[in-house]
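K.L.:
sequence isn't available, so here's the structure alone:
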């Protein structure tokens, strides 16, 4: 999910004084569905037109505790939107489940008509796969709840919850788990595809902390998956994304942690980018696991630019001074926002208002070594422009992430040092063609230094690239897909195409 765009850009905003237009928030408007007054033109997963009769849709609406929204309903225009303003799709109908039973009803309806189906939680998908044209959108924004068992150190999280819900409830008990970097990201999308975050080097990926999931499969079956119950499915959902069903509930393992951490942004002049990034390359692999030190280069429409880091240190306070003295020694510090801070507040510090006035395009890749060639490519290719903000981010990995075998979960990229993210943003009213073409050209100089990519940030990768990105886990994932979703009902994701 596209949480890292907000994180990399916003966490440095105070230092570079970036100014981006915003639009009003997009929380779902609640209320009962209007009576269905017409047949609805829709589309199947394989692109064929289908008519949903008024009676069919009314029967669905009457069966739910949640909402069915159609075009013209007051909540429809808000619910259909996602973060990226370039994605402007119009589902035939939107279901907002309040319960797992509602999710089952929506899945059964979709399967019966073979509808194109999209699932939305936080709406961060950069590819727009969390919405669709003329299909059904299941919007999980009403399926939100977090309950913490302090004694067992378990958080039970409803499938539509956001990361901020999890952070806030867990930290109230002095407990945490890895939960991304932007509080309005959906728990499900982030976790099922991987789940990097400020604590991943210490506690592992979000998916490494999943103890069990409750799901609705393509057949409408309620299934629980854990190490002892449906273990193959438990393996597959941890990295296989939304290919096998809709997760209605997670159980996360939690870890004790002090509420106050040391963190914030540090910025250096762009003129020192090479020396700063070279020093970072020498340090990031030997940094303590309690340190999260993610690099970022940014250029915005005002011509302001900088190279810097977003930081979080959650280890013993006595070690912080030495660690940050090392980081500050990378160059001449232009802005220093590192300070003691409440962890939940730090998790929210990368949030921005809903950027629906902004279009964007993203490329992503895994980095196994911060090589001199990579550093040169990212610095030399960065160009200021009057209509776009360009960000090059490197999210710090290693530590606990790398201590898990590639085959232990469906997520196979355990030996990476960073996830790279190139993104360009522009005002939504501007023709994006030139900006996208420029970023692709820029990415072509960086891609040779990467190996694989983060599926949550993937935009237009080919099916062959998606298949190969699962590495040695692909065959096992395909077997699971053939078992749980042989008709590919859940296809708007990093899709494993069934062969059954």
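P.N.:
Yes, it's here. Computed from a predicted model, the values in this text were never measured in an experiment.

K.L.:
buried residues in stretch 266-276?
P.N.:
Of all the residues in stretch 266-276, those buried under the rule 16 or more other C-beta atoms under 10 Å are 266-270, 272-274, 276. In short, each C-beta sits where N, CA and C put it, glycine included.

K.L.:
contacting residues around that stretch?
P.N.:
Applying C-beta atoms under 8 Å, 6 or more residues apart in numbering, the contact partners of stretch 266-276 are 12, 15-16, 297, 299, 305-309, 311, 327-328, 330-338, 375-376, 379.

K.L.:
rewinding a little: quick check: the two most widely separated of the buried residues of stretch 266-276?
P.N.:
Farthest pair in those (C-beta to C-beta) is 266 and 274. Separation: 16.9 Å.

K.L.:
wait, residue 388 sits on residue 432?
P.N.:
No. Counting by C-beta atoms under 8 Å, residue 388 sits too far from residue 432 to count as a contact (9.3 Å).

K.L.:
what sits in contact with each of these two?
P.N.:
Joint contacts of residue 388 and residue 432 (C-beta under 8 Å, 6+ apart) are residue 426.

K.L.:
neighbour-wise, which of the two wins?
P.N.:
It is residue 388, of residue 388 and residue 432, that has more neighbours when counted by other C-beta atoms under 10 Å, with 25 against 19.

K.L.:
in contact with residue 119, which residues?
P.N.:
By C-beta under 8 Å, 6+ apart, the contact set of residue 119 is 130, 137-138, 140, 242, 246, 490, 492.

K.L.:
which ones among those are found in strands?
P.N.:
Secondary structure from DSSP state E places 137-138, 246 of those in strands.

K.L.:
can I get these in a markdown table including pLDDT and neighbour count?
P.N.:
Putting the ones in strands among the contacts of residue 119 into a markdown table (pLDDT from 0 to 100; neighbours: other C-beta atoms under 10 Å) gives the following:
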| residue | pLDDT | neighbour count |
| --- | --- | --- |
| 137 | 98 | 28 |
| 138 | 98 | 26 |
| 246 | 98 | 26 |
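
K.L.:
just the closest of those residues to residue 459, please.
P.N.:
For those, the nearest to residue 459 is residue 137 (19.3 Å; C-beta to C-beta).

K.L.:
list the buried ones in the helix or strand harbouring residue 425?
P.N.:
Element membership for residue 425 (DSSP states H and E) is strand 418-427. If you call a residue buried by 16+ other C-beta under 10 Å, then strand 418-427 has these buried ones: 418-426.

K.L.:
CSV for those, including distance to residue 289 and pLDDT?
P.N.:
Rendered in CSV, the data for the buried residues of strand 418-427 read as follows (distance: C-beta to C-beta, whole Å; pLDDT from 0 to 100):
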residue, distance to residue 289, pLDDT
418, 15, 96
419, 17, 94
420, 21, 93
421, 22, 90
422, 27, 91
423, 27, 87
424, 33, 88
425, 32, 87
426, 38, 84
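
K.L.:
show me where the stretch 351-500 of the chain has its helices.
P.N.:
For the stretch 351-500 of the chain, the helices defined by DSSP state H, counting those that start in this stretch cover 372-380, 433-446, 463-469, 474-484.

K.L.:
can you pull the contacts of the nearest residue to residue 317 once chain neighbours are set aside?
P.N.:
Nearest residue to residue 317, sequence neighbours excluded (C-beta to C-beta, 6 or more residues apart in numbering): residue 262, at 7.4 Å. By C-beta under 8 Å, 6+ apart, residue 262 lies in contact with 311-313, 317, 320, 324, 338-341.

K.L.:
again, only using 10 Å
P.N.:
Contact analysis of residue 262 by C-beta atoms under 10 Å, 6 or more residues apart in numbering lists 290-291, 311-315, 317, 319-321, 323-324, 338-341, 346.

K.L.:
return the subset of the residues you listed lying in strands.
P.N.:
Using DSSP E to define strands, the subset of those located there is 291, 311-313, 339-341.

K.L.:
from these, which would you call buried?
P.N.:
Buried members of the ones in strands among the contacts of residue 262, scored by 16+ other C-beta under 10 Å, are 291, 311-313, 341.

K.L.:
mind checking how far residue 199 is from residue 366?
P.N.:
Between residue 199 and residue 366 the computed distance is 19 Å (C-beta to C-beta, to the nearest Å).

K.L.:
so the two - more neighbours on which side?
P.N.:
Using other C-beta under 10 Å, the more surrounded residue of residue 199 and residue 366 is residue 199, with 28 against 18.

K.L.:
isn't the more buried one right up against residue 263?
P.N.:
No. Using C-beta atoms under 10 Å, residue 199 is not in contact with residue 263; the gap is 11.1 Å.

K.L.:
list the residues that contact both of the two?
P.N.:
Counting by C-beta under 10 Å, 6+ apart, the residues touching both residue 199 and residue 263 are 292, 312, 314, 343, 347.

K.L.:
pLDDT value on the second one, please?
P.N.:
The pLDDT attached to residue 312 in the predicted structure is 98.

K.L.:
so what's it up against?
P.N.:
Listed by C-beta under 10 Å, 6+ apart, the contact set of residue 312 reads 181, 197-199, 201-202, 261-264, 290-294, 338, 341, 343, 346-347, 349, 396.

K.L.:
try residue 86
P.N.:
For residue 86, the contact set (C-beta under 10 Å, 6+ apart) comprises 126, 128, 358-361, 426, 428, 432, 436.
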